[in-house]
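> A predicted structure for the sequence below; I have some questions about it.
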Amino acid sequence: MKESPILVHIWAVDPAQEGLAAKHLDEMFGEIVSDPGFVSAKVLASADGSSIAALVEMQSVEDRQRLEHLPAARETLDDLPGTVNVVLRLYHEVGVYQRS
């Protein structure tokens, strides 16, 4: 598979624990936004609170790989409090659509 600077991480969440999971993601992103390779991140929650996703874009594949090994990121990605399982996928960009 082609490596990618974009990471999508999805967790199944106990709906009662969604706030705890979101808090930990907020803390993690608070630490990594100053990383020189960081481009953007979004945290999304399903309407029913049963899953939460993080979409992270770094400038390069190397930046994304380095991000995954930072202690704050690694701990959160491996063991996000309030979650019951993890789905991890790397994506590459095939199109961009923006309002002009």
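Right, received. Where do you want to start?

> what's the helix or strand for Val96?
Assigning secondary structure by DSSP states H and E places Val96 outside every helix and strand.

> and the pLDDT at it?
We have a pLDDT of 76 for Val96.

> how much space separates it from Leu7?
Using CB to CB, to the nearest Å, Val96 is found at 17 Å from Leu7. To be clear about C-beta, it is placed using only N, CA and C from the backbone, and glycine gets the same treatment.

> do Val13 as well
18 Å.

> higher neighbour count, the two?
Val13 (25 against 21; other CB atoms under 10 Å).

> which residues touch that one?
For Val13, the contact set (CB atoms under 8 Å, 6 or more residues apart in numbering) comprises Ala21, Ala45, Gly49, Ser50, Ser51, Ile52, Gly82, Thr83, Val84.

> I figured the third one hits Gly19, correct?
No - here Gly49 does not reach Gly19: they are 9.2 Å apart, not a contact under CB atoms under 8 Å.

> list the helices and strands the longest helix that the chain contains packs on?
Assignment by DSSP state H gives helix 18-32 as the longest helix of the chain. With contacts taken as 3 or more CB pairs under 8 Å, 6 or more residues apart in numbering; DSSP states H and E, helix 18-32 sits against strand 38-45, strand 51-58, helix 71-78.

> so which bits of stretch 59-78 are buried?
Neighbour-count burial for stretch 59-78 flags Asp63, Arg64, Leu67, Glu68, Ala73, Thr76, Leu77 (criterion: 16 or more other CB atoms under 10 Å).
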